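All I have is the shape, not the residue letters:
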């Protein structure tokens, strides 16, 4: 069951779902979603000596990426056509063991060619941290992104029962408690 605006507001006010900084419901609350803002940390691929990404090869993907932090009064981030970047939300959130969330891009940005997530749209029960978005510009024009702009929305769904293994409870949960974008850790699956 997807939660309505009144249920989203209630679970946040009661502390069942924790969002920091606390949301401005007038600005962020939709009929069945909560908008989140773009944070100020981005991670981009830099030129590399590798001609391709081989997931079985022992490559630290963090080494072929560069972190960009944009200060309060600095220039915005410009996403060029066909570019791909990891970014985080300004907000961090924590989910209980009986609730999951899904991240969707905003329609107004999608109409400009901005894809907010490639595949990772689900946040499992027990999740805690900032949402990392896989931003892509599918359009033909550069898109200027400003820290603090509303960039995505979370919807919340109740589980049939509480999860026995919430996210973060196992060592195999790669991205628990992230506060900034982390490069893919999929190649670790081939070394286990």
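Looks like it came in fine. The model shown is predicted, which means the values in this text are computed figures rather than measured ones.

Could you use CA atoms for every contact and neighbour count after this?
Noted.

Show residues contacting the worst-scoring helix or strand of the chain on mean pLDDT.
Least confident element among the helices and strands of the chain, by mean pLDDT, DSSP states H and E: helix 107-110 (a mean of 88). By C-alpha atoms under 8 Å, 6 or more residues apart in numbering, the surrounding residues in contact with helix 107-110 are 115-116, 151.

which helix of this protein spans the most residues?
Of all segments of type helix in the chain, defined using DSSP state H, the longest is helix 5-13.

Excluding its own residues, what touches that one? List them.
Here helix 5-13 makes contact (C-alpha under 8 Å, 6+ apart) with 17-19, 25, 29-34, 156.

before we move on, what SS does residue 126 have?
Here residue 126 is coil, with the state taken from DSSP: H, G, I helix; E, B strand; the rest coil.

related to what we said a few turns ago, how about the contacts of helix 107-110 in JSON lines, adding neighbour count and pLDDT?
Shown next, in JSON lines, are the contacts of helix 107-110 (neighbours: other C-alpha atoms under 10 Å; pLDDT from 0 to 100):
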{"residue": "115", "neighbour count": "21", "pLDDT": "92"}
{"residue": "116", "neighbour count": "25", "pLDDT": "90"}
{"residue": "151", "neighbour count": "23", "pLDDT": "95"}
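
Out of those residues, which is nearest to residue 105?
Checking the contacts of helix 107-110 against residue 105 by C-alpha to C-alpha gives residue 116 as the nearest, at 5.0 Å.

Give me the distance between the residue in the chain sticking out farthest from the centre and residue 64.
Distance from the C-alpha centroid of the chain, by C-alpha atoms, centre = their mean, peaks at residue 49 (28.4 Å). Going from residue 49 to residue 64 by C-alpha to C-alpha, to the nearest Å gives 9 Å.

and what of residue 40?
20 Å.

out of the two, which sits in the more crowded spot?
Taking other C-alpha atoms under 10 Å, residue 40 and residue 64 do not tie; residue 40 has more neighbours (21 against 15).

helix/strand/coil for that one?
Classification of residue 40 by three-state DSSP places it in strand.

isn't it right up against residue 132?
No: using C-alpha atoms under 8 Å, residue 40 is not in contact with residue 132; the gap is 11.7 Å.

Now do the shared contacts for the two.
Contacts common to residue 40 and residue 132, judged by C-alpha under 8 Å, 6+ apart, are 87-88.

Give me the sheet partners of whatever helix or strand comes next after the least confident helix or strand of the chain and which way each runs.
Using DSSP states H and E, the helix or strand that follows helix 107-110 towards the C-terminus is strand 114-115. Strands adjacent to strand 114-115 in the sheet, as given by DSSP bridges, are strand 128-137 (antiparallel).
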